[in-house]
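Q: sequence below, structure please.
(one chain, ligands or ions: 1)
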Amino acid sequence: MTALRPFIAGLPKAELHVHHVGSASPRIVAELAARHPDSKVPTDPEALVDYFVFTDFAHFIDVYLSVVDLIRTPEDVRLLTFEVARDMARQNIRYAELTVTPFSSTRRGIDEKAFMDAIEDARRAAEAELGVVLRWIFDIPGEAGLQAAEETCRLAVDLRPDGLVGFGLGGPEIGVPRPQFKPYFDRAIAAGLHSVPHAGETTGPQTIWDALNELRAERIGHGTSAVQDERLLAHLAEHRIPLEVCPTSNIATRAVATLDEHPLRTMVEAGVPVSINSDDPPMFGTDLNTEYEVAARLLELDERGLADLAKQAVEASFLDPAGKTRLRTEIDAYTAAWITR
Ligand SMILES: O=c1[nH]cnc2c1ncn2[C@@H]1O[C@H](CO)[C@@H](O)[C@H]1O
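A: Numbers count the residues shown, from 1 in each chain. This next block holds a predicted model:
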């Protein structure tokens, strides 16, 4: 723990890149695993720590999907979503755009309307009872192909829950070229959704160019390999396209070898807007507060620098202008009070 930890813990924060099922705490995962004993997921929270050690990105996705398989009823969905918000409230996360993969649930037989009701019910309860504002990004699980794309697009456009703001693309990048998803992103964008695909997490900068040019990305999930292409960094900086950076995730999935080699600093020095995120926090043994500590170390930030980072996430969010102003004001007031205390 660093000296900045208490400041970070109380800092009002927004999180833009965090997966729904990937946010399930060990307690919830263990509870669901006990409920569904045919699963290979351990029922003991301690054994889960070992289960969540990944040999590479493909192994991570296998483990992730085994946890996805524990979510089988609308009540599982509602419980998971509300509990995720509870963990956010404990960290003073005021606003989160949660990446939800409805296809994973509907293909397992959860009724699509019941699924939407479950997340919306949890969203309203989280706002009223915990003061956490949730919004959804529906992502295509890339490994499931165009059928998943079609289904995710249909669910997003036709069922469109009130909290839905964005359309994304997750999963592996190797063997899953971004351009094939263009028609689905076109439809989602025409329906008023923001385009936020993952790109450049496990493949090179061309994937990020494809996300920008073909999928009209407004933000990039990860974008780690952008630093391999100076022209791309300049483009992201000039067009103010933020990267959703998740440092510990990149180490856990072995997308980046060590934290000291993480390219966050190069991105910031190139003038690219960034937000700091936890991705799948319990699976990576982290949380957003820890990611802010990591960022403070990599970028050599003090309290004001951290407050600026928190405000960059607000800026990059899909909150309405009044909501952005409110959260920015809260961050400034908190920081001023801390510094003059
Ligand atoms: O870091 C990540 N990168 C890509 N996909 C991820 C990550 N974390 C969780 N998912 C999830 O993996 C599933 C399979 O495609 C999707 O549900 C996606 O949201």
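
Q: contacting residues for the residue of the chain found nearest the ligand?
A: The minimum distance from the chain to the ligand, using Cβ to the nearest ligand atom, falls at Gly171 (2.5 Å). Quick note: C-beta positions are derived from backbone N, CA and C, even for glycine. Going by Cβ atoms under 8 Å, 6 or more residues apart in numbering, Gly171 touches Ile61, Ile140, Pro141, Gly142, Glu143, Ala144, His198.

Q: give me that answer again for 10 Å
A: 57, 61, 64-65, 101, 139-144, 148, 198, 201-202 (Cβ atoms under 10 Å, 6 or more residues apart in numbering).

Q: equivalent analysis for Glu261, please.
A: Glu261 touches Asn250, Ile251, counting by Cβ under 10 Å, 6+ apart.

Q: Ala125: how many residues sit nearby?
A: The criterion is other Cβ atoms under 10 Å. On that basis, Ala125 has 16 neighbouring residues.

Q: repeat that for Thr253.
A: 25.

Q: contact partners for it?
A: 54-61, 64, 201-202, 222, 246, 279-280, 283-284.

Q: ok, and of the contacts of Gly171, which contact the ligand?
A: Ile61, Tyr64, Thr101, Asp139, Pro141, Gly142, Glu143, His198, Glu201 (Cβ under 6 Å from any ligand atom).

Q: can you tell me which of those are in strands?
A: Asp139, Pro141, His198 (DSSP state E).

Q: need these in JSON lines with neighbour count and pLDDT, can you?
A: JSON lines is the format used below for those (neighbours: other Cβ atoms under 10 Å; pLDDT from 0 to 100):
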{"residue": "Asp139", "neighbour count": "27", "pLDDT": "98"}
{"residue": "Pro141", "neighbour count": "23", "pLDDT": "98"}
{"residue": "His198", "neighbour count": "28", "pLDDT": "98"}
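
Q: now Ala126. Nearest residue, chain neighbours left out?
A: Ala85 (3.5 Å; Cβ to Cβ, 6 or more residues apart in numbering).

Q: Ala96 is in contact with that neighbour, correct?
A: Yes - taking contacts as Cβ atoms under 10 Å, Ala85 lies within contact range of Ala96: 7.8 Å.

Q: give me the common contacts of the two.
A: Ser23, Ala126, Val132, Val133, Leu134.

Q: from these, which land in strands?
A: Val133, Leu134.

Q: will you turn the shared contacts of Ala85 and Ala96 into TSV that also has distance to the ligand, pLDDT and neighbour count?
A: Shown next, in TSV, are the shared contacts of Ala85 and Ala96 (distance: Cβ to the nearest ligand atom, whole Å; pLDDT from 0 to 100; neighbours: other Cβ atoms under 10 Å):
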residue	distance to the ligand	pLDDT	neighbour count
Ser23	10	95	26
Ala126	20	98	22
Val132	20	98	24
Val133	21	98	20
Leu134	16	98	26
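
Q: what is the end-to-end distance of stretch 64-78?
A: Start and end residues of stretch 64-78 are separated by 19 Å (Cα to Cα, to the nearest Å).

Q: who in the stretch 1-150 of the chain is up against the ligand?
A: Checking the stretch 1-150 of the chain against the ligand by Cβ under 6 Å from any ligand atom, the hits are His19, Gly22, Ile61, Tyr64, Thr99, Thr101, Ser104, Asp139, Pro141, Gly142, Glu143.

Q: and the fifth one, what pLDDT?
A: At Thr99 the predicted local distance difference test score is 98.

Q: host element of it?
A: Using DSSP states H and E, the element containing Thr99 is strand 93-100.

Q: could I get the CA-only coordinates of that strand as PDB?
A: Provided in PDB are the C-alpha atoms of strand 93-100 (Å, rounded to 0.1, in the frame of the first residue of the first chain):
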ATOM      1  CA  ILE A  93     -16.900   4.400  -7.800                       C
ATOM      2  CA  ARG A  94     -19.800   6.700  -8.700                       C
ATOM      3  CA  TYR A  95     -20.400   5.800 -12.300                       C
ATOM      4  CA  ALA A  96     -19.500   2.700 -14.300                       C
ATOM      5  CA  GLU A  97     -20.000   1.600 -17.800                       C
ATOM      6  CA  LEU A  98     -20.200  -2.200 -17.400                       C
ATOM      7  CA  THR A  99     -19.500  -4.400 -20.300                       C
ATOM      8  CA  VAL A 100     -22.200  -7.000 -20.500                       C
END
